[in-house]
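> Structure of the sequence below:
(chains A, B, C and D)
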2 protein chains.
Amino acid sequence: MGSVMRRPTIMDVARAAGVSKGAVSYALNGRPGVSEATRARILAVARELGWAPSNPARALAPGGRVGAIGMVVDRPARSLGIEPFFMRLVSGIETELTSSGIDLMLQVTEDVAAELAVYRRWATERRVDGVIMVDLRVEDPRPALARDLPLPAVILGGPEGTGGVPCLYTDDAVSVREVVHYLAALGHRRIVRVAGPEFFAHTRSRTEAFREAARLAGVAEARTVHADYTGEEGARVTRRLLATADPPTALVYDNDLMAVAALGVASEMGVDVPGRLSIVAWDDSALCRLVRPSLTAIARDVVGNGREAARMLGGLLAEERVDDVETPPGELRPRGSTGPLSH
Amino acid sequence: MGSVMRRPTIMDVARAAGVSKGAVSYALNGRPGVSEATRARILAVARELGWAPSNPARALAPGGRVGAIGMVVDRPARSLGIEPFFMRLVSGIETELTSSGIDLMLQVTEDVAAELAVYRRWATERRVDGVIMVDLRVEDPRPALARDLPLPAVILGGPEGTGGVPCLYTDDAVSVREVVHYLAALGHRRIVRVAGPEFFAHTRSRTEAFREAARLAGVAEARTVHADYTGEEGARVTRRLLATADPPTALVYDNDLMAVAALGVASEMGVDVPGRLSIVAWDDSALCRLVRPSLTAIARDVVGNGREAARMLGGLLAEERVDDVETPPGELRPRGSTGPLSH
DNA sequence: CCCGATGGCTTAACCGGTTCAGCGAAGCAG
DNA sequence: CTGCTTCGCTGAACCGGTTAAGCCATCGGG
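Numbering: from 1, shown residues only, chains lettered A, B, ... in the order given. Down below sits the predicted model:
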């Protein structure tokens, strides 16, 4: 009150407790070197003064950590706002971090070059202790960068092409097969998959799995077209597909947003769902349950994955050995948007 | 190659350039105190060594800044993933920060108490230089906390109840009036507004404006009910409203998510939109354009607001005088979900 | 009783920047 | 030529922690 209160430093605590600042440091960090009586007194004084460690000072000390990890999201700005995936991931990451007092830095970039620049800056300026990388690409330059900088990292994706960086991956082929067999069983023989951009690694592996599964399930016509995950492009592609002479009877989308857009397009073109067209979304979010008909979707535990990735990165930072982790495949949740063809 | 390369420090640059580290600091920060020739040489050496300032060291120096700002999002986790508002805000904030090399820390909390704890921690541990606060509440404890800590802050909301913290606000009453008159002109006389939680300041001011506007527009029946912004609850409330004897003919939602849910409920109950029910969403996102019928919405420049808020916080950190800023009211975008009643 | 080990604390160096005071040389006015 | 100012740089303190090294008192064993 009146005078401006300076944040108390460890030195203030030391003076108030009548010991050296070294002793205070030992006491506060629960390390040996002080008696239990002294430790208790120091803790009491620190609490009373409202002391908290200065993060910059801690980080600066030899071997010190910044206490923050980073995540770069590199998606077209116009799809970002609406794509539920990232916020769910963030909330998963944070549930894991909260207990350890680690913060999350988020950065949105426009392209890969900018993303790489961010990692470089974060590493050289010591702004984060490590990063979580999402959206693994074909020939992704990021694992090599992480190794060279060096910058501890965990990748969501893989397990191929991660160049030694620990990763959290899912075998999408399982889900792809499940979807294809499900649709085939419903009688569908012309299925088109509207995928994300070709340069994403998971897009490619799903594409291969899709082709193979279709062959095995005896689906005559099965192909993949690419879009950019935005609702606009999802709508455009869908419109084009439905306008052909012999339109597909089932469409599988690589994210929920495009699937919702497809629903709108079908309604606008008077195509009955699921009577004449079945729609499947990859990644189940609340969105899929809100629209009508509700969307059949492949549900992954995105929040849990975020949490697990954060845990892995934590292990990495603690110099523990961290192995790749495989998460359970996404499971099909049949809803109103899929069904047999009505004649 | 071979040996582990230590990050070059300012001292390495100084030795390589044959000057003291003080001189290097002056040169790199563009301050007077070194000749142009020396400055050029130092810059060349620094670039060659790949030097970048250690952020913790900078922050630790007297008067140093952390180079990061924070934002806490306090919403129920289940609506977070899908709520487009925050990601759009984040991307706006970042467009402003990118040029200045400031990072954004994001934290998701479960309640206000946790949110306050985060601010406290960020301030006492010196993890951020300032924060952007969203979702101003009635009797919001955050402005006082920001003043006491102290923690530079900018609030999205207000201008009442911000307790001296600079804010970025919109006069929602303008948009509320526009919506009400629009619906009244279409012939609607029973309008219900499905608002967000009552404890948000903007909820309350919209509620008042809504009542007043309805009176002026001669709308006989106009009331507000509250929900929590989630699709689930939006759906539940809508179902209840439509099941009454004399159901409302128009519903106005406080966010886009609940409006989408309402569309689903209407379809499920066989209520034609807009033939028997008009629906308006507050906050226009791509979502509103994807569903069918597309949603009439009130569009705000969320991205621009994020950007402006970041700019204001920047000014605050630069010790400039920062005034409250009023942004243009959200504008009504009529689409397919509203229309006259059909008989 | 003496010696070595141990516990408990202090001292001081260190992290990597920023900045202030000071100092020699050069420039300039008188 | 002298004295003052300015320029360009150096040296050192400082930010607030962590931690290695050292020192003194106590204690147990032989």
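
> which ones are touching the residue nearest the centre of chain A?
Residue closest to the average C-alpha location in chain A (C-alpha atoms, centre = their mean): A:Leu89, at 4.4 Å. Contact analysis of A:Leu89 by C-beta atoms under 8 Å, 6 or more residues apart in numbering or on different chains lists A:71, A:134, A:156, A:302-303, A:305-306. No exception for glycine: its C-beta is placed from N, CA and C like everyone else's.

> which SS state does it fall under?
Secondary structure for A:Leu89, judged by DSSP: H, G, I helix; E, B strand; the rest coil, is helix.

> Just the ones in strands from the contacts of A:Leu89, please.
If you go by DSSP state E, these have A:71, A:156 in strands.

> got the contacts of A:Leu89 as CSV, with distance to DNA strand D columns?
Output for the contacts of A:Leu89, formatted as CSV (distance: C-beta to the nearest atom of the strand, whole Å):
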residue, distance to DNA strand D
A:Met71, 26
A:Val134, 32
A:Leu156, 31
A:Val302, 35
A:Val303, 32
A:Asn305, 32
A:Gly306, 28
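
> Restricting to the contacts of A:Leu89, which residues neighbour chain B?
On the criterion C-beta under 8 Å from any C-beta of the partner chain, A:302-303 are the entries of the contacts of A:Leu89 that sit beside chain B.

> can you pick the most crowded of the contacts of A:Leu89?
Highest neighbour count within the contacts of A:Leu89, by other C-beta atoms under 10 Å in any protein chain shown: A:Gly306, with 29 neighbours.

> List the contacts of the residue lying closest to that residue once chain neighbours are set aside.
Setting aside the residues directly before and after it, A:Gly306 is nearest to A:Gly92 in space (C-beta to C-beta, 6 or more residues apart in numbering or on different chains), at 2.5 Å. Residues near A:Gly92 by C-beta under 8 Å, 6+ apart: A:302-310.

> 7 Å instead, please
By C-beta atoms under 7 Å, 6 or more residues apart in numbering or on different chains, the residues touching A:Gly92 are A:302-307.

> I'd like to know how many residues surround A:Asp111.
By other C-beta under 10 Å, neighbour count at A:Asp111 equals 10.

> typed the wrong thing, it's A:Ser267
When neighbours are defined as other C-beta under 10 Å, A:Ser267 has 16 of them.

> where does the stretch 1-150 of chain A come near DNA strand D, residue by residue?
Listed as neighbours of DNA strand D in the stretch 1-150 of chain A under the rule C-beta under 7 Å from any atom of the strand: A:6-7, A:9-11, A:21-22, A:25-26, A:28-29, A:31, A:33, A:51-54, A:57-58, A:60-64.

> change it to 6 Å
Taking C-beta under 6 Å from any atom of the strand, the part of the stretch 1-150 of chain A that reaches DNA strand D is made up of A:9-10, A:21-22, A:25-26, A:28-29, A:53-54, A:57-58, A:60-63.

> Also near DNA strand C: which of these, exactly?
The residues of these that also fall near DNA strand C, by C-beta under 6 Å from any atom of the strand, are A:21-22, A:60-62.

> now, which of those residues sits nearest chain B?
A:Leu60 (4.5 Å; C-beta to the nearest C-beta).

> rewinding a little: out of the ones next to DNA strand C among the residues of the stretch 1-150 of chain A next to DNA strand D, which sit inside helices?
Among those, DSSP state H puts A:21-22, A:60 in helices.

> ok, of these, which come out buried?
Restricting those to buried positions leaves A:Leu60, with burial counted as 16 or more other C-beta atoms under 10 Å in any protein chain shown.

> Including pLDDT, could the ones in helices among the ones next to DNA strand C among the residues of the stretch 1-150 of chain A next to DNA strand D go into JSON lines?
Converted to JSON lines, these look like this (pLDDT from 0 to 100):
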{"residue": "A:Lys21", "pLDDT": "93"}
{"residue": "A:Gly22", "pLDDT": "93"}
{"residue": "A:Leu60", "pLDDT": "95"}
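
> quick one, what contacts A:Arg142?
Contacts of A:Arg142 (C-beta under 7 Å, 6+ apart): A:116, A:133.

> any idea how far it is from A:Glu198?
Remark: distance between A:Arg142 and A:Glu198 (C-beta to C-beta, to the nearest Å) = 18 Å.

> How about A:Ser294?
Distance, A:Ser294 to A:Glu198, using C-beta to C-beta: 30 Å.

> ok, these two, which is more surrounded?
Just comparing A:Ser294 and A:Glu198: by other C-beta under 10 Å the higher neighbour count belongs to A:Ser294, 18 against 12.

> Quick check: that one touching A:Cys288?
Yes. Using C-beta atoms under 7 Å, A:Ser294 is in contact with A:Cys288, at 6.3 Å.

> What is the distance between stretch A:310-325 and the centre of its chain?
Mean C-alpha position of stretch A:310-325 versus that of the full chain (C-alpha atoms, centre = their mean, to the nearest Å) differs by 16 Å.

> For A:Tyr99, grab the count of nearby residues.
Not Tyr; residue A:99 is Ser. Residue crowding around A:Ser99 was assessed by other C-beta under 10 Å; the count is 7.

> Show the pLDDT at it.
A:Ser99 carries a pLDDT value of 88.

> and stretch A:96-110, which residues are buried?
For stretch A:96-110, the neighbour count (16+ other C-beta under 10 Å) marks A:96-98, A:102-109 as buried.

> Briefly note if it comes near chain B.
Yes. For stretch A:96-110, a contact with chain B is found by C-beta under 7 Å from any C-beta of the partner chain, at A:103-108.

> Which of these fall in strands?
Among the residues of stretch A:96-110 next to chain B, the members found in strands (DSSP E) are A:103-108.
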